[in-house]
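*Asks:* Any chance you can model this:
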Amino acid sequence: MLKRVVSLLWAVMLIGTLNTYAQKTTIWLVRHAEKHAEGAMSNTDPDLTADGGKRAQDLAAVLKKQKIDAVYSTPYKRTTSTGEPAAAARQLKIITYTAKDFKTFAAEVLQNQKGKEVLIVSHSNTVIPLAKSFGATVPFETLTDGDYDMLFRIVVDKDETAKLTISHYGAPHHTTNIPAVFKQ
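*Replies:* I've put the predicted structure just below:
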């Protein structure tokens, strides 16, 4: 009888631990990979360069062991091409979003993907506002045009407290330095 009670208590504790863990939502946020230069007469929706294609593959490799449940991208070639290898590896369809109302978008992601891991591919001028919309404290106000290799990881707890860590992936290609307290 005592053995049964102890087993039941262990089961309840295990379920409680798993439930608490499942309430954490992890957001992987990146800027699109290297794109072809845009000139005054060029395409406003450029493809990735060869280096950008390699970086997209590197992103998929870095996230290989993560259980990504959804991939979001703006509707541009450079963002969808960056997220495609990670999505394809999981047989996921990319979910398109518009980078306008960051707070609403973040709330929808947290509601629809609660307890899951999500990859969001964005742009140099929207990565920081998106990170802030998920509640993260960010160490800089913008990314430069040369910042392509940063991988932002935002873990949002069940109480909506967000913790940000940042790492680099693929070939080095950045001008902004990550403060040590944010390094993953």
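*Asks:* does the closest residue to residue 34 other than its chain neighbours sit in a helix, a strand or a coil?
*Replies:* Of all residues not flanking residue 34 in the chain, residue 52 sits nearest, at 3.7 Å (CB to CB, 6 or more residues apart in numbering). Every residue, glycine included, has its C-beta placed from N, CA and C. When classified by DSSP: H, G, I helix; E, B strand; the rest coil, residue 52 comes out as helix.
*Asks:* can you check residue 106 too?
*Replies:* helix.
*Asks:* Now do the contacts for it.
*Replies:* 130, 133, 134, 135 (CB atoms under 8 Å, 6 or more residues apart in numbering).
*Asks:* Next, the last one: secondary structure please.
*Replies:* Just to be clear, that refers to residue 135. coil.
*Asks:* surely it meets residue 155?
*Replies:* No: with contact defined as CB atoms under 8 Å, residue 135 does not count as touching residue 155 (10.4 Å).
*Asks:* list the residues that contact both of those two?
*Replies:* Residues within reach of residue 135 and of residue 155 at once, by CB under 8 Å, 6+ apart, are residue 162.
*Asks:* circling back to that earlier point, now render the contacts of residue 106 as CSV, adding pLDDT and neighbour count.
*Replies:* Shown next, in CSV, are these (pLDDT from 0 to 100; neighbours: other CB atoms under 10 Å):
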residue, pLDDT, neighbour count
130, 97, 25
133, 97, 20
134, 98, 24
135, 97, 16
